[in-house]
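**Q** sequence first, then the predicted structure:
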Amino acid sequence: RVETWAEGRPMGGKRIPVRAVTGVRVEFKTEEERGRFVGQCRRVQEKMLVLPDL
């Protein structure tokens, strides 16, 4: 999904459109492929490091 909004320029003037990706869609050929992907995502999330606040 892509959202678009207008962002002001730092020096004033005309607003310019800005796009941001808010999500992705992943399609799989088989349920086995989907299961492997979901399992890998869960393992990656478990190993995420907590970064200190700056």
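**A** Nice, I can see it. The model shown is predicted, which means the values in this text are computed figures rather than measured ones.
**Q** and the strands in this structure?
**A** 2-7, 16-21 (DSSP state E).
**Q** worst mean pLDDT among the ones you listed?
**A** Note on those: strand 2-7 shows the lowest mean pLDDT, a mean of 63.
**Q** all helices for this protein, in order.
**A** 31-46 (DSSP state H).
**Q** so where's it uncertain?
**A** 1-16 (pLDDT under 70).
**Q** and Val24, its phi and psi?
**A** phi -130, psi 160 (degrees, to the nearest 10).
**Q** likewise Lys29?
**A** Per degrees, to the nearest 10, the backbone of Lys29 is at phi -80, psi -40.
**Q** going forward can the numbers begin at 643, since that is how I track them
**A** Okay, residue one is now 643; in that scheme the one you just asked about reads as Lys671.
**Q** that one - how many residues pack around it?
**A** 7 (other Cβ atoms under 10 Å). In short, each C-beta sits where N, CA and C put it, glycine included.
**Q** state the distance from it to Phe679.
**A** 11 Å (Cβ to Cβ, to the nearest Å).
**Q** also Val692?
**A** 24 Å.
**Q** which one's more surrounded, those two?
**A** A count of neighbours by other Cβ under 10 Å puts Phe679 above the other of Val692 and Phe679, at 12 against 5.
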